[in-house]
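J.: Attaching a predicted model along with its sequence, questions to come.
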Amino acid sequence: MSALPPDIASGFLSDPADLSKLSLIDAEKVSALVAQLNAQTKQTQSGRKRIVVIGTGGTLSMKEENGIRTPDLNFTEIFDLIDPSLQKRFAIYGLDAFKIDSAQMDYRHVQDLAISMYHIWTSAQVDIAGFLVLHGTDTLAYSGASMSLIMGQGLPFSIAYTAAQQPIQAPINDARRNIRNAIYTLESLHDSDMAEVVSVMGSKAYLSSSAIKIHDLSSDALSAPLHPPITDFTMLDYPVKLAPFLNPRRRNVPFSPTIWQGAHGHTLIVRSRLGLPPAMIARQVEDPIIRAIILYSYGAGTVYNGIIDAVMDGAQSKGLPVFIVSPVNTHYKVVYQSAKDLIARGATPLYMTLPAALAKMEIALRLHTDDCTAIARFMSTNYVGEVPPHA
């Protein structure tokens with residue numbers, strides 16, 4: 001196998017709180033927010049729980065001119081438009097991290113968010129009930145799953161991701177409701193001594209390690225094909241009623257985020273489709289940047305035989321691990337010959353979403369580099385809820 005790409009060889013950040021490692025967020029803004037938090041006293045909070053809100057742009061913050069939407073509002077302007085009762089019940093602190101369309105995000109944005117939240121949490125001398133990330137819908141599933149896996153099993157606080165299908169400035173929008181529901185979900189998780197990364201949109205909230213985008217227009221833009229929701233807002237419960245499968249946070253597990261460096265991943269996704277040329281895939285497998293392959297099957301692990309040969313021959317030549325992810329809600333059952341052939345040739349089926357698999361792979365490649373057996377074992381083992389409990 002070729003030499004490791006530098007960003008894999010560098011492993012993880014030794015100090016996740018090191019603001020000098022920020023590449024896109026202004027470190028001075030993060031330090032100023034910590035100073036603002038630490039300047040507050042119990043008296044000035046009047047019993048309100050503290051929520052840190054991080055703005056990244058997305059449709060929620062956009063304006064529309066000549067039919068084109070672009071990010072517009074900052075944190076203060078957004079919260080001037082929400083339900084006033086929220087600011088009476090919560091002490092809300094804001095950080096404007098980015099102002100972009102989420103389709104333009106890469107792993108650097110997630111890494112910077114992780115560094116910033118870790119720094120704020122470890123530097124603040126006051127209790128924080130949770131972090132709310134205002135995001136765009138296009139990459140919310142990828143960003144949320146990545147954050148969940150980066151923060152790991154010892155996460156001591158909750159993070160809620162939310163977005164909107166219509167800007168908060170639109171006459172009819174879902175932004176206000178989503179922000180409100182996300183904050184109340186953070187409150188309930190905090191009061192239940194739970195620590196999760198969750199995604200909140202429309203009528204439900206899900207573990208971020210399980211969520212995918214399913215709609216461009218509906219306010220119920222997210223779903224979790226393999227997991228139940230963690231709450232259903234249509235029940236109008238207050239406090240927000242959380243699913244019984246959630247557990248208290250793991251106080252005995254060290255909080256040690258695995259923040260890697262590098263804007264891009266090292267996994268080749270081969271989505272099985274009619275007419276996909278095996279020769280093209282074979283050339284892609286040869287690219288030295290590729291260190292793992294995910295076959296995104298038709299369903300039940302079925303893949304065109306020519307693609308199987310192109311992938312497995314190239315992977316075995318380079319010593320790459322190969323995995324299979326299904327796009328549908330199903331256990332991986334070997335009921336078709338192509339699925340049987342894939343496993344026989346060394347591919348490992350994964351029971352998780354594609355966004356979770358891609359983020360987890362970046363961690364696995366840095367933990368185990370060229371050890372395909374160890375990578376497969378790590379990828380198949382539940383880490384932060386990405387593998388459903390009934391799998």
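T.: Received, thanks.

J.: mind checking the backbone torsions on the residue most central in space within the chain?
T.: Of all residues in the chain, the one closest to the mean position by C-alpha atoms, centre = their mean is residue 144, 1.8 Å from it. Main-chain dihedrals, residue 144, degrees, to the nearest 10: phi -60, psi -40.

J.: Return the residue spatially closest to it, with its sequence-adjacent residues excluded.
T.: residue 208 (3.1 Å; C-beta to C-beta, 6 or more residues apart in numbering). Heads up, the C-betas are built off the backbone N, CA and C, glycines and all.

J.: Residue 292 too?
T.: Closest to residue 292 by C-beta to C-beta, 6+ apart is residue 267, at 4.7 Å.

J.: With residue 151 instead?
T.: In this structure, residue 151 finds its nearest non-sequential neighbour in residue 257, 5.3 Å apart by C-beta to C-beta, 6+ apart.

J.: What residues does that neighbour make contact with?
T.: 12-13, 16, 114, 118, 150-152 (C-beta atoms under 8 Å, 6 or more residues apart in numbering).

J.: do residue 234 as well
T.: Here residue 234 is in contact with residue 203 (criterion: C-beta under 8 Å, 6+ apart).

J.: Distance-wise, check it relative to residue 188.
T.: From residue 234 across to residue 188, the span is 16 Å (C-beta to C-beta, to the nearest Å).

J.: Likewise for residue 369?
T.: Distance of residue 369 to residue 188, given as C-beta to C-beta: 40 Å.

J.: Looking at these two now, which is surrounded by more residues?
T.: Between residue 369 and residue 188, counted using other C-beta atoms under 10 Å, residue 188 has the larger neighbour count: 22 against 16.

J.: Pretty sure that one sits against residue 233.
T.: No. Contact criterion C-beta atoms under 8 Å: residue 188 and residue 233 do not qualify, at 11.4 Å.

J.: Quickly list what's touching both of those two.
T.: Counting by C-beta under 8 Å, 6+ apart, the shared contacts of residue 188 and residue 233 are residue 240.

J.: State the next helix or strand along the chain beyond the helix or strand of the chain with the lowest mean pLDDT.
T.: Within the chain, judged by mean pLDDT, DSSP states H and E, the helix or strand with the poorest mean is helix 42-45; its value is a mean of 57. Using DSSP states H and E, the next helix or strand after helix 42-45 towards the C-terminus is strand 49-57.

J.: just to revisit the earlier point, check the burial of the residue nearest to residue 292 by counting its neighbours.
T.: The number of residues packed around residue 267, counting by other C-beta under 10 Å, is 24.

J.: show me the contacts for it.
T.: So residue 267 contacts 290-294, 358, 361-362 (C-beta under 8 Å, 6+ apart).

J.: Of those - the most surrounded one?
T.: Counting by other C-beta under 10 Å, residue 291 has the largest number of neighbours within the contacts of residue 267, with 26 neighbours.

J.: Leaving out sequence neighbours, find the closest residue to that one.
T.: Looking at residue 291 with C-beta to C-beta, 6+ apart, the closest residue is residue 266, at 4.2 Å.

J.: try residue 354
T.: residue 325 is the one closest to residue 354 (C-beta to C-beta, 6+ apart), at 5.4 Å.

J.: Contact partners for the one you found?
T.: Counting by C-beta under 8 Å, 6+ apart, residue 325 touches 294-297, 350, 352-354, 357.

J.: hmm, which of those are the buried ones?
T.: By neighbour count, with 16 or more other C-beta atoms under 10 Å, the contacts of residue 325 hold 294-297, 350, 352-354, 357 as buried.

J.: Double-check residue 196 against residue 161; I have them as touching.
T.: No. Look at residue 196 against residue 161 with C-beta under 8 Å: they stay out of range, at 11.1 Å.

J.: Mind checking which of those two has more residues around it?
T.: Remark: of residue 196 and residue 161, residue 161 carries more neighbours, 31 against 27, as counted by other C-beta under 10 Å.

J.: and the more buried one, what are its phi and psi?
T.: Taking degrees, to the nearest 10 as the convention, residue 161 sits at phi -100, psi 140.

J.: Please report how far residue 253 lies from residue 368.
T.: Note on residue 253: its distance to residue 368, by C-beta to C-beta, is 20 Å.

J.: Looking at these two, which one has more neighbours?
T.: It is residue 368, of residue 253 and residue 368, that has more neighbours when counted by other C-beta under 10 Å, with 17 against 12.

J.: Does the more buried one touch residue 378 like I think?
T.: Yes. Contact criterion C-beta under 8 Å: residue 368 and residue 378 qualify, at 6.4 Å.

J.: For residue 48, grab the count of nearby residues.
T.: For residue 48, using other C-beta under 10 Å, the count is 15.

J.: sorry, that was for residue 220
T.: Residue 220 has 13 nearby residues by other C-beta under 10 Å.

J.: do the same with the one 3 residues further on
T.: Applying the criterion other C-beta under 10 Å, we find 20 residues in the vicinity of residue 223.

J.: Can you tell me how far it is from residue 303?
T.: 24 Å.

J.: hang on, the earlier thing: any chance of CSV for the contacts of residue 257, columns distance to residue 102?
T.: Listed next are these as CSV, based on distance: C-beta to C-beta, whole Å:
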residue, distance to residue 102
12, 25
13, 23
16, 23
114, 16
118, 22
150, 17
151, 19
152, 24
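
J.: who's in contact with the residue nearest to residue 144?
T.: By C-beta under 8 Å, 6+ apart, residue 208 lies in contact with 141, 144-145, 147-148, 159, 161, 197-199.
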